[in-house]
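1. Starting from these lines, generate the structure:
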Amino acid sequence: MSNYVYKNYRIKRRFGQNFLCSTKDITSVVDIINPKINDIMVEIGPGLGALTEVVLNFVNNLTIIEIDHDLINMLYTRYCLKDKIIFINQDVRKVNFFSLCSQNGGRLLRIFGSLPYNMAMSIIFYLSKYINCIFDMHFILQKEVANRLIAVPNSRMYGKLSVMAQYFYNVFVNFDIYPESFRPIPKVCSTLVHFVPSVPLIPVHDVKYLRYLINFVFSRRRKTLWNSLRYFFSREELQKNNIDIFLRAENLYVRDYCILANMIYTRINI
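-> The predicted model follows:
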């Protein structure tokens, strides 16, 4: 059966919908988010409103962003406290969060939600463009993705996601949420992850060069850096910047990738 009917709503598989329904986990998630009455809260993908309903007990206003028109209509007719909710029926990756911040007097946004597995990383990296207007984010993600986000150099899970996420955010894992807590039941375990925007130790001149670099190097992760980067830099250039040419992609720290990205930027733009 391609769709699953839950509480009079027909699941749309294309949106990767799995609704959190465990009262215990919902309570635990909201306890960790710890919303305060004057916080500017934004929920991405409210689904049937399980988290929405609890968070509304603690705040004066809440913006919910939902791509599914049917769900927006359902939530709109369900809540009597509509004056506390702003409904946005749009793909979150098209929402201007600077505008949301400005509409709330420039106060930083607190963003949360249970993200669809098939869109989670594109959403998180889209939001990285708006880190100057974000206080923090709490997302329920696939556990394997969470492990990659927090992975450290020299570990099997360390890769492109680790470097990009850790450039923009301090990332913390809170607790696991098991498949039985969702409807329909997914095939994988989930994890609540906390993102706090950070100031990089070595800012890059242009993030697109960092993204290009890590894609290039990790696609050749079995090669040493010298074999991967010899067409970009000389041995002397790498060694001058304290880059060990005999290391491989998974051995470098985020700061090393920032140095290399700035070297490429300088080579191309000067």
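2. which ones are touching Gly165?
-> Let me fix one detail, which is that residue 165 is Ala and not Gly. Contacts for Ala165 (C-beta atoms under 8 Å, 6 or more residues apart in numbering) come out as Ile124, Leu149, Val171, Phe195. For glycine as for every other residue, the C-beta is placed from the backbone atoms N, C-alpha and C.
3. should've said Met121
-> Val145, Leu161 are the contacts of Met121 under C-beta under 8 Å, 6+ apart.
4. Provide the secondary structure category for it.
-> Per DSSP: H, G, I helix; E, B strand; the rest coil, the local secondary structure of Met121 is helix.
5. any idea how far Arg148 is from it?
-> Counting by C-beta to C-beta, to the nearest Å, the gap between Met121 and Arg148 amounts to 9 Å.
6. hey, what's in contact with both of the two?
-> By C-beta under 8 Å, 6+ apart, Met121 and Arg148 have these common neighbours: Leu161.
7. What separation is there between the residue most central in space within the chain and Arg267?
-> Residue closest to the average C-alpha location in the chain (C-alpha atoms, centre = their mean): Ile124, at 2.8 Å. Applying C-beta to C-beta, the value for Ile124 to Arg267 is 29 Å.
8. hmm, back to that, what helix or strand is the residue nearest to the centre of the chain on?
-> Assigned by DSSP states H and E, Ile124 belongs to helix 120-127.
9. that older thread, most surrounded residue in the contacts of Ala165?
-> Looking at these with neighbours defined as other C-beta atoms under 10 Å, the largest count falls to Leu149 at 25 neighbours.
10. OK, contacts around that one?
-> Applying C-beta under 8 Å, 6+ apart to Leu149 gives the contacts Leu141, Leu161, Ser162, Ala165, Gln166, Val171, Val193.
11. For those residues, which single residue is the most surrounded?
-> Scoring the contacts of Leu149 on neighbours with other C-beta under 10 Å, the highest-scoring entry is Val193 at 26 neighbours.
12. what about this protein, any weak spots by pLDDT?
-> Residue ranges of the chain with pLDDT under 70: 1-17, 79-82, 270.
13. at 90 what do you get?
-> Applying pLDDT under 90 to the chain flags the ranges 1-19, 47-49, 61, 69-84, 116-119, 183-186, 201, 221, 231-232, 267-270.
14. Let me see the ranges of the helices in it.
-> 23-33, 50-55, 69-78, 97-103, 120-127, 143-150, 160-168, 207-218, 225-229, 235-240, 254-269 (DSSP state H).
15. how about these in CSV, adding distance to Leu109?
-> CSV is the format used below for these (distance: least, C-beta to C-beta, whole Å):
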stretch, distance to Leu109
helix 23-33, 13
helix 50-55, 14
helix 69-78, 20
helix 97-103, 6
helix 120-127, 10
helix 143-150, 20
helix 160-168, 15
helix 207-218, 20
helix 225-229, 38
helix 235-240, 40
helix 254-269, 25
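16. picking that back up, contacting residues around the residue nearest to the centre of the chain?
-> Ile124 neighbours (C-beta under 8 Å, 6+ apart): Leu115, Met137, Phe139, Ala165, Phe195.
17. Give the full set of residues in contact with the third one.
-> For Phe139, the contacting residues are Ile44, Phe112, Gly113, Ser114, Leu115, Ala120, Ile124, Leu192, Val193, Phe195, by C-beta under 8 Å, 6+ apart.
18. ok, so of those, who is nearest Asn227?
-> Closest approach to Asn227 among the contacts of Phe139 (C-beta to C-beta): Ile124, at 31.4 Å.
19. How much space separates the residue sitting furthest away from the middle of the chain from Ile245?
-> In terms of distance from the mean C-alpha position of the chain, Glu236 ranks first, at 37.3 Å (C-alpha atoms, centre = their mean). Distance of Glu236 to Ile245, given as C-beta to C-beta: 10 Å.
20. tell me the angle the helix holding Ile124 makes with helix 207-218.
-> Helix 120-127 runs at 150 degrees relative to helix 207-218, counting by axes from the mean of the first three to the mean of the last three C-alpha atoms, to 10 degrees.
21. quick one on the thing from earlier: right, and the helices of the chain - which one's nearest Gln90?
-> helix 69-78 (9.5 Å).
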